[in-house]
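> coords please:
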Amino acid sequence: MSNILQVKELTREFKSGSRQLTVVNHISFEIEEGSVCAIVGPSGSGKTTLLGLCAGLDQPTSGEVILQGISLNNLTEDERAKVRNEHVGFVFQTFQLVPTLTALENVMVPLELRGEATKSVRERAVELLTEVGLGDRTHHYPTQLSGGEQQRVAIARAFINQPKILFADEPTGNLDTETGEHIESLIFDLNRSQKTTLVVVTHDLELAQKCDRIIRIKNGKVDSDTILEGVEVAG
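You can find the predicted model right below:
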């Protein structure tokens, strides 16, 4: 298999007063197309920052990210946004839905930004909302939905552009255990059916064990990188 994501000596520093904080420290790894990878580690270890860099949501202080064969380093913000829209799905812990849009309209946003025909976009959005169990909630606004329902809308939105790679940042972090398990199943099921590469940041070791690889981050560095044998997640 070819590598869909290459991370080379990635470093991200921030200024805090007079101090320079290194949150991501010379991290390198590659992720194969179609694989399912968990990034784990304690709070403050740099996991979320690393995920944002990989998705082109942030720029590194040094190093390089190559996504779907495209180096993100020298792209403008508009160019990175185009790469994300064409190749990337993202599921946030805090859902990040637009409060003034219905569930259906939220899911349609990525394809509408491409300028695709509204009728076909609407049909695709309805299909996805039905697939995640919200076919009867398409015209509800985020405030009218539970946390689990909002995350399901976010998952449908993440998959509508048929991404080559899906990044999920603590997708079950704001949910109760039962709802979180349902959300996990949805992500893995859609990942299998759409043959999408999945990279998930999580504190949940049970969720990580369902992936076929675990990269453990500690103090901004890769502490371990483990391939799990006999895991059947990616299709």
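> which residues of this protein score low on pLDDT?
Judged by pLDDT under 70, the chain has its weakly predicted residues at 1, 229-235.
> again, only using 80
Scanning the chain for pLDDT under 80 picks out the ranges 1, 117, 229-235.
> Please enumerate the strands of it.
Assigned by DSSP state E, the chain shows strands spanning 3-16, 19-32, 36-40, 62-67, 70-71, 88-91, 165-169, 197-201, 213-218, 221-227.
> Which other helices and strands does the third one contact?
It stands for strand 36-40. Strand 36-40 is packed against helix 47-54, strand 197-201, helix 205-209, strand 213-218, with contacts defined by 3 or more Cβ pairs under 8 Å, 6 or more residues apart in numbering; DSSP states H and E. For glycine as for every other residue, the C-beta is placed from the backbone atoms N, C-alpha and C.
> Taking strand 3-16 as reference, get the angle to it.
Note on geometry: by axes from the mean of the first three to the mean of the last three Cα atoms, to 10 degrees, strand 36-40 and strand 3-16 are set 20 degrees apart in direction.
> now the spatially most central residue of the chain: how far from residue 84?
Ranked by distance to the mean C-alpha position of the chain (Cα atoms, centre = their mean), the top residue is residue 167 at 1.7 Å. The span separating residue 167 from residue 84 equals 10 Å under the rule Cβ to Cβ, to the nearest Å.
> joint contacts of the two?
Counting by Cβ atoms under 8 Å, 6 or more residues apart in numbering, the contacts common to residue 167 and residue 84 are 55, 90.
> Now residue 60. Its backbone dihedrals?
Dihedral angles of residue 60 (phi, psi; degrees, to the nearest 10) stand at phi -80, psi 160.
> if I look at it, how far off is residue 42?
Separation of residue 60 from residue 42 (Cβ to Cβ) stands at 22 Å.
> just residue 131 next, same as before
As judged by Cβ to Cβ, residue 131 and residue 42 stand 35 Å apart.
> Name the residue in those two with the higher neighbour count.
Neighbours per residue (other Cβ atoms under 10 Å) separate residue 131 from residue 42, with residue 131 holding more: 17 against 12.
> wait, the more buried one sits on residue 190?
Yes - Residue 131 is in contact with residue 190 according to Cβ atoms under 8 Å; the separation is 7.3 Å.
> for the chain, which helix is longest?
Among the elements of type helix in the chain, defined by DSSP state H, the one spanning the most residues is helix 177-194.
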